[in-house]
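[1] Provide a 3D model corresponding to the input given below.
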Amino acid sequence: MRLDEAAIPISEEVKGACEILGLDPLYVANEGKLLAVVPAAAEESVLAAMRAHPRGAEAAVIGRVTADQPGVVLMKTRVGGLRIVDVLTGEQLPRIC
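    The predicted model follows:
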């Protein structure tokens with residue numbers, strides 16, 4: 001799987017808080033979000049349906065499933081490099097819910 005960091009919709013408030021606290025927003029608890037893996041042929045119709053709902057206004061395509069490196073999630077960074085998105089071990093931030 002290949003993600004595009006610049007395409008992931010993260011609010012400025014969350015970016016700022018994560019920066020101050022030294023956290024990676026990909027690993028912070030985030031209730032109320034949906035990540036859908038859909039066939040490429042359905043991408044536009046699914047995206048349109050999600051954006052039609054008020055809570056889906058910021059729906060975005062953030063990556064693609066690839067055959068390049070099975071079992072590895074890579075992310076294209078904002079500066080153009082690639083980094084492995086690893087499984088979080090332990091808890092980065094205690095859940096408060």
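[2] from residue 84, how far out is residue 71?
    Noted for residue 71: a distance of 11 Å to residue 84, by C-beta to C-beta, to the nearest Å. Quick note: C-beta positions are derived from backbone N, CA and C, even for glycine.
[3] looking at these two now, which is surrounded by more residues?
    Legend: neighbour count by other C-beta atoms under 10 Å for residue 71 and residue 84, higher for residue 84 (9 against 5).
[4] now for that one: which residues touch it?
    Residue 84 sits next to 72-75 when contact means C-beta atoms under 8 Å, 6 or more residues apart in numbering.
[5] flag every buried residue along the lowest-mean-pLDDT helix or strand in the chain.
    For the chain, counting by mean pLDDT, DSSP states H and E, helix 12-21 ranks last in confidence among helices and strands (a mean of 91). Using 16 or more other C-beta atoms under 10 Å as the test for burial, helix 12-21 gives residue 18.
[6] and that helix, how far out from the chain's middle?
    For helix 12-21, the distance from its own C-alpha centre to the chain's C-alpha centre is 16 Å (C-alpha atoms, centre = their mean, to the nearest Å).
[7] I'd like the next helix or strand past it.
    helix 43-52 (DSSP states H and E).
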